[in-house]
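1. Here is a sequence with its predicted model. Questions after.
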Amino acid sequence: MKYKYLCWLLSLFLLSLFFSAQAMAVTISGTCKQADRVTDCTDTGTIRFAIGGVLQPQTQNIVAGTWAISGVTLPTTGFVIVTMFIDGAPDHQEAVAVVNYSLSGDVTGVELIETHLSLGYDDTTRGLSNLDISRYDNSISGDEDVFHDVDASRSLTVDITGAVPNETLYIKSNHNFAPGPNSSVTTHHLYNDGIFGAGSNDIYVNGDWDFGTGTFNRDTSTVHFTGTGTIRNLVSPWWGKRFHNVTASAAGQTTTINPGLGVVVKGLLTLGSGTLDGGVMVLNKSGTAFVTAGATLANSQFKYSPPPGGQVDITVADYPSLWLAENSSASDSIFTLLGDFTCSGLSLHGNGSGKITTLNTMGYNISCQSLLIGSTSNRKGKLTLTNSVLNITSNIDIVSTTGIENELDAGDSTIYIGEDFQNDGLFSSGTSDVIFNGINDQRVVSSGDPFYNLTLNNTGGVNNNRLELGDSLTVNNQLTVSNGKLNTTTNNYSITVAGHFDQSSPTSEVEANASTITVGGDFSADGTLDSLNYNNASLILTGTGSLSYANLSSPWVNGFHNLTVGQSGNTTTLNLIRMTVRNVLTVGSGDFTSPTSDIYLLGANPLVFDTNARLSLNAIKLFGANQTIPTLHNGYDCHVFLSRNNTEVSQTGPITLNSGQNLRLNGDTFKDRAVTYQTNGFDLNIGGNLQLGAGADTALKTLDMSGSTVTVKGNVDIRTGTNSLISTNSELILNGTAAQSVTTNGKAFDKLTITNPSVSGVTFNDGFTTNTLTNTTPNSKLTFTSGETYTINSAVNLQGATGQPITLAPSSAGTAWNFVLNAGATKTIENVTVSWSDASGSHSTQKPIAPSNSTDGGNNIDWFPNVGISVTKNSTLISDPVNGTGGGKNHIPGAIVEYRITTRNTGTSSPDANTVIVYDILNANVEYDVTTGVNFLDGTTSSGLSLGSVGYSHVSSPDLYTYTPTGSFDPNVAKLKIETNGAFSFGGSPVPEFTVIFRVRIK
């Protein structure tokens, strides 16, 4: 009060000087408006004014609308502060105006506004300060109608009385107001149409701040929004009017930025625990630009837009839309987190000059509805995640720009995405986990950039839980589908996973369409929701890993379109019971293995193998129409089954089924399924059993082995029913090393060869017919079912070894087995042991069978005959050179002698056909009669033979019957070999015989 009193005395002194100095009469005029600054006041109270600190006697009773006070004497020198107010009005109609007279002319344009402290008039020559305003304030006037006051520290309080509702500090258009050094301002509202020079002062606003049309020179001031109010900035561009420091959102209070617009804070923004609402908050400060005591940020957007250089700290808060954008073309901006924060949307982009805005999480977490990195207007951004969690409940967009790419560097962090991921810039996956966890359909466009770990965990409804690919997807480590559907769309975008592909959850699907899926590790799928999802897709497993497919329905038709496994020497392990490859199964230079798994093959050429491929399954089941089976150089370590009706399979090269692996042509045990297997002239080596038919078949099951050698190590089982074995020009070799059995059900072979050396040997469960039967394996055994008939059409070759005979035995002693050699069949049987065999059904020329060096095991019929062959040789002198053919002929040189060699069969059986040969040695004193040659004379009882070929040996090589005699008489013939054709008959009287006749000349 002492200060105020001194000011009042000073005013009186100055006033006396004014009157004593030069002065002039002026009119003070203006308007009076209600608090809305539009509606005229009512005629309540009286307008009064003070010059300096002295209240003047003139008044104006007309308050409404415009008013004027004439005849006012004002000095024309010094400082003249005029204070006008409405006297006697109620609190809500009180108004005060203060002007700094320019020392010339009338005072016009004074604005009295109810509840307002108005500063300035039409003449803007001189501005006002808190000191000026204090000339006639509440404490000087002692009048509560003058409601403003300036205290001893020159701090202005617009309503010191506390009685004026929502008081407002109003600065008239183009008028200057500068509180002065260390001079604060406290008001409920502030409306600025003038020029407000804030200096380094504190301005306290308990209500609204309106930038109006004026200019706010923020300097280093701090504006404190202490109550609930709105910051208005209606004049474009709103970002041109800025605060320095701001405190707002006090406890229990709401500070609202004019919706659709914004404010800029160049210094520090400090928020209490109240609410910030409305439009955009822009922070133009490096370092720490924002602190909060837990304010609720309900405004539309927060924007960190720092000046060049330095680092910007992002304060922990629950942000609305958050925009991090460098504000300078001079340098990049780097933002770092001070802790976890949330937001409705996060945008990272610069000012369009090609500089980059970078946010580094520094181990803290971000949770926002959306994330935008960069913009199409060359605004560049980068988000660097470091050991953080990024949770985006809506979209992530990495925008494409020219030059430097916008980037999301995921590092070792975890990213949750609730809606779409659109990468048109650069996504660096690091070792991050990306999880799509929406509740509606989602979409991902990666633009060729890989993910590290990718998980789909969409928990939306059945038809609203897809993650659709917008382009090809690459995952550098693991892809997991735990909930929802991963959809490659009708564009059939590819999926490449360097590690594991995990769709093992029964609440997940991969709608693979006709896409190609490439996996370096394990692949696991589940068919609970839909087992058709991969039927048109191609799966390529490039590394060592497993393939699992749980809950696969109808596995004989469902699986994959193409399957490529065992690549680059790696092993693929199959962990399922049954599955289908609908087109091609490709095995590289590695292994495809599972001892319990069956693969159904539907394609025309369903198998492709590398030279070093290994296929080790339980079975491949050929399930198509016209199919091929190729050579597998390491052999098939699996059974081969023909399973589907009308399946026809042809070999394209030699086929080997390794030890224990079976070829089964049984239509998957269905009697009414027709199947055909064609060797196509290539060898077929079966390490296990050969089964033709299911038994009692009603549809034709065919094995066409024409032109091929089929080797079987196990059993041959041709079952009953409409089955067919086509064996033209083929050979069946039984090469087991343990007991084998053969069931033919009446099917005939071309060539049947046994090489089984085992003790148990080969058992023929029923009769057979074969063109040739061969077994040259010493010490082997053939067991023939008693009562069955075994027919040989062309040749039989049963040759054991000395001391190691082949055993020909019955299945049951006491009943013979029938052995039939048809006419013309050649037989070579030696070193055998035969028992209980009946050969009586053989052609007469074939029996009895007389094996050489063999053992009669007993109870045989037409085996081991008593063959009695006798030979006599006689000579007759035909002529000599002296006596001719008459009497007195003598054996003298030149005499002709005729030899007759007679051979008789006195036994009870015939020797083998074409085996009777007559040999004769010529005396060295004779020469062979070439002209007469060798003649054949059959006996009275026919021998059944005819003359065959005659061979001659030369005296120089008497054991080689390759010489051809020359001349009429050839002295060089040493021996004759006379062969016969046919089987030597036996029985009859006289006994069958034949004679060979030839002549010689005595030398």
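-> Right, received. Where do you want to start? Residues are numbered from 1 along each chain as shown.

2. Need the nearest residue in space to residue 581, chain neighbours excluded.
-> Excluding the flanking residues, the one nearest residue 581 by C-beta to C-beta, 6 or more residues apart in numbering is residue 563, at 4.7 Å. To be clear about C-beta, it is placed using only N, CA and C from the backbone, and glycine gets the same treatment.

3. Direction included, what does the helix or strand containing the one you found pair up with?
-> Using DSSP states H and E, residue 563 maps to strand 559-565. Note on strand 559-565: by DSSP bridges, its sheet partners are strand 538-541 (parallel), strand 578-587 (parallel).

4. Take those strands and write them to TSV, including distance to residue 997 and mean neighbour count.
-> Formatted as TSV, these follow (distance: least, C-beta to C-beta, whole Å; neighbours: other C-beta atoms under 10 Å):
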stretch	distance to residue 997	mean neighbour count
strand 538-541	84	24
strand 578-587	74	22
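
5. Out of those strands, flag the one nearest residue 736.
-> strand 578-587 (28.1 Å; C-beta to C-beta).

6. list the buried ones in the longest strand anywhere in the chain?
-> Longest among the strand segments of the chain by residue count, using DSSP state E, is strand 473-487. Residues 473-487 are the ones in strand 473-487 that count as buried (16 or more other C-beta atoms under 10 Å).

7. What are the buried residues along the helix or strand just after that strand?
-> Toward the C-terminus, strand 473-487 is succeeded by strand 495-497 as the next helix or strand (DSSP H and E). Across strand 495-497, burial judged by 16+ other C-beta under 10 Å covers 495, 496, 497.

8. Just to check, the last one is in contact with residue 480?
-> No. Using C-beta atoms under 8 Å, residue 497 is not in contact with residue 480; the gap is 9.9 Å.

9. Residues that sit against both of those two, list them.
-> Shared contacts of residue 497 and residue 480, defined by C-beta atoms under 8 Å, 6 or more residues apart in numbering, are absent.

10. The residue nearest to residue 581 touches residue 537, doesn't it?
-> No. The criterion here is C-beta under 8 Å, and residue 563 misses it with residue 537 at 9.5 Å.

11. and residue 432, what does it touch?
-> 385, 410, 411, 412, 413, 414, 415, 451, 452, 453.

12. Looking at residue 563 and residue 537, which one has more neighbours?
-> Between residue 563 and residue 537, counting by other C-beta atoms under 10 Å, residue 563 is the more crowded of the two (29 against 24).

13. Now do that one against residue 527, distance only.
-> Relative to residue 527, residue 563 is positioned 15 Å away (C-beta to C-beta, to the nearest Å).

14. The residue nearest to residue 581 and residue 224, how far apart?
-> 72 Å.

15. Now do stretch 97-107: everything it contacts.
-> 24, 26-30, 72, 74-85, 110-112, 117-121, 123, 125-128, 132-133, 135-136.

16. Sort out which of those residues are in helices and list them.
-> 132, 133 (DSSP state H).

17. ok, and for stretch 743-754, which residues are buried?
-> 743, 744, 745, 747, 749, 750, 751, 752, 753, 754.

18. Report the mean per-residue pLDDT for it.
-> Predicted confidence along stretch 743-754 averages 97 (mean pLDDT).

19. is it true that residue 872 touches residue 901?
-> Yes. Applying C-beta under 8 Å, one finds residue 872 in contact with residue 901, separated by 7.3 Å.

20. quick one, which of those two is more surrounded?
-> Counted by other C-beta under 10 Å, residue 872 and residue 901 do not tie: residue 901 has more neighbours, with 19 against 11.

21. Show me what the more buried one is bridged to.
-> residue 873, residue 996.

22. so who does it touch?
-> By C-beta under 8 Å, 6+ apart, the residues touching residue 901 are 871, 872, 873, 918, 920, 978, 995, 996.

23. The third one: neighbour count?
-> It refers to residue 873. 12.

24. Also the fourth one?
-> Per other C-beta under 10 Å, the neighbour tally for residue 918 reads 20.

25. any low-confidence regions in the stretch 851-1000 of the chain?
-> Applying pLDDT under 70 to the stretch 851-1000 of the chain picks out residues 867.

26. What segments of it are helices?
-> Taking DSSP state H, counting those that start in this stretch to define them, one finds no helices in the stretch 851-1000 of the chain.

27. May I see the domains of this protein written out as residue ranges?
-> Here the domain parsing of the chain from automatic domain parsing is 1-143, 869-1002.

28. Redo those as CSV? Include distance to residue 761.
-> Below are the domains of the chain laid out as CSV (distance: least, C-beta to C-beta, whole Å):
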stretch, distance to residue 761
domain 1-143, 120
domain 869-1002, 25
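
29. Indicate which one of those domains is closest to residue 245.
-> With distances scored as C-beta to C-beta, the stretch of those nearest to residue 245 is domain 1-143 (19.2 Å).

30. Averaged pLDDT, that closest one. What do you get?
-> 87.

31. Quick one: distance of it to the chain centre.
-> Mean-position distance between domain 1-143 and its chain equals 83 Å (C-alpha atoms, centre = their mean, to the nearest Å).

32. now swap in stretch 902-917 and tell me
-> 81 Å.

33. Return the set of buried residues in it.
-> Across stretch 902-917, burial judged by 16+ other C-beta under 10 Å covers 902, 903, 904, 905, 907, 909, 910, 911, 912, 913, 914, 916.

34. Next: stretch 510-522.
-> Buried residues in stretch 510-522 (16+ other C-beta under 10 Å): 510, 511, 512, 513, 515, 516, 517, 518, 519, 520, 521, 522.

35. List the contacts of it.
-> For stretch 510-522, contacts defined as C-beta under 8 Å, 6+ apart pick out 466, 478, 481, 485-490, 492-503, 523, 525, 530, 533-534, 536-543, 545-548, 561.

36. swap the cut-off to 6 Å and go again
-> Stretch 510-522 has contacts (C-beta atoms under 6 Å, 6 or more residues apart in numbering) with 481, 485-488, 492, 494-501, 503, 533-534, 536-543, 545-546.

37. ends of that stretch, how far apart?
-> Length of stretch 510-522, first residue to last, C-alpha to C-alpha, to the nearest Å: 16 Å.

38. Let the chain start at 119 from now.
-> New numbering, starting at 119: the last item is stretch 628-640.
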